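K.L.:
structure for the following, please:
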Amino acid sequence: MAEKFEVFGAKLTLYRDAPAWDGLATYAVGQFSCPSAEAGAALLNHVAGMSHTEGAQALVGPMDGDTWHSYRLVIESDGRAPFLMEPVGKPHDSAAFTGAGFTPISAYFSASVPAADVGTGPQPTTDGLHIAAWDGSEPEALFTQVHALSCAAFSKNPFYKPIALADFLPMYMPFVPMMKPELVLFCRDDAGALVGFLFGIPNYAEGPKPASAILKTYASLKKGAGHALSTRFYTAARELGFTTIIHALMHEDNLSALRSSMNGAQVFRRYALMGRRLD
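P.N.:
Got it, this is the predicted structure:
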């Protein structure tokens, strides 16, 4: 159940069926905005007290209900413009959450690297793995496969919560006209089973002819599939004329973050999911 609140011009939506934090009964605060840090903190404190009275043990945010939707707070930036599908930082958000007793509980970053600098070295072993780009047809069938594999690959991630296909498809179908099939990749095993996918998209936030390609999401169920998919993505991006790769919204503890660093990518934005225990 979602409920909207507004105090002194600050606004948020409270989601009572949020994914649990450390096994605690957790609510999420999302769609947050505030005219000042003081107004934002006042609203967050008000909602925290009400949530505690209802039996909630923790609040997390900003999170629009779950991690399939918009979440994370911008906590550090070099000032460059947001890329396509990136959470946008607002001036007082960080101070409002901190002022209301929230602390970072999960950390993320985005980084960029010249396309010429990645995926050109020794190629990963792909024995038993077969990578192919999307053929551009039947986008609903494409994202139906992506939904099934995402649910399997991400099920053990912190803050994971299942999502129904009927809720998943409307999140991605609006982006279909922007997609380049060459940047949407599937990995199958010898038996034809889907064991990995990579969703990349041009950074149309730069305009109709972007120089950057975004490695937005990839997931795999088999060792080596992720590395093989990302290498193929870099090659495809160069062939399409992109000069910069954006590694988008990576968790600091994931293997993908280590690979980003090893490839020489430079961090330009950091984010945090914030949490507050309601003792």
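K.L.:
could you pull out the helices in this structure for me?
P.N.:
37-54, 93-99, 139-153, 165-172, 225-239, 255-262 (DSSP state H).
K.L.:
and the third one, what does it pack onto?
P.N.:
With contacts defined as 3 or more CB pairs under 8 Å, 6 or more residues apart in numbering; DSSP states H and E, the secondary structure elements packing on helix 139-153 are helix 165-172, strand 194-202, strand 212-220. Bear in mind the C-beta positions are built from the backbone N, C-alpha and C, glycine included.
K.L.:
what's the angle between that helix and helix 165-172?
P.N.:
If you take axes from the mean of the first three to the mean of the last three CA atoms, to 10 degrees, helix 139-153 sits at 110 degrees to helix 165-172.
K.L.:
contact partners of helix 139-153?
P.N.:
Here helix 139-153 makes contact (CB atoms under 8 Å, 6 or more residues apart in numbering) with 134, 162-163, 165, 168-169, 172-173, 176, 179, 184, 186, 194, 196-197, 199, 217, 219-221.
K.L.:
for residue 15, give me its contacts.
P.N.:
Residue 15 touches 1, 2, 27, 28, 29, 30, 63, 64, 65, 66, counting by CB under 8 Å, 6+ apart.
K.L.:
excluding its backbone neighbours, what's nearest residue 72?
P.N.:
Closest residue to residue 72 apart from its sequence neighbours, by CB to CB, 6 or more residues apart in numbering: residue 271 at 4.0 Å.
K.L.:
any idea how the chain splits into domains?
P.N.:
Domain assignment for the chain, taken from automatic domain parsing, gives 2-107+273-277, 114-271.
K.L.:
what's the distance between residue 116 and residue 44?
P.N.:
Distance of residue 116 to residue 44, given as CB to CB, to the nearest Å: 45 Å.
K.L.:
before we move on, back to that, which residues does the residue nearest to residue 72 bridge with?
P.N.:
Per DSSP bridges, residues listed as beta-bridge partners of residue 271: residue 74, residue 108.
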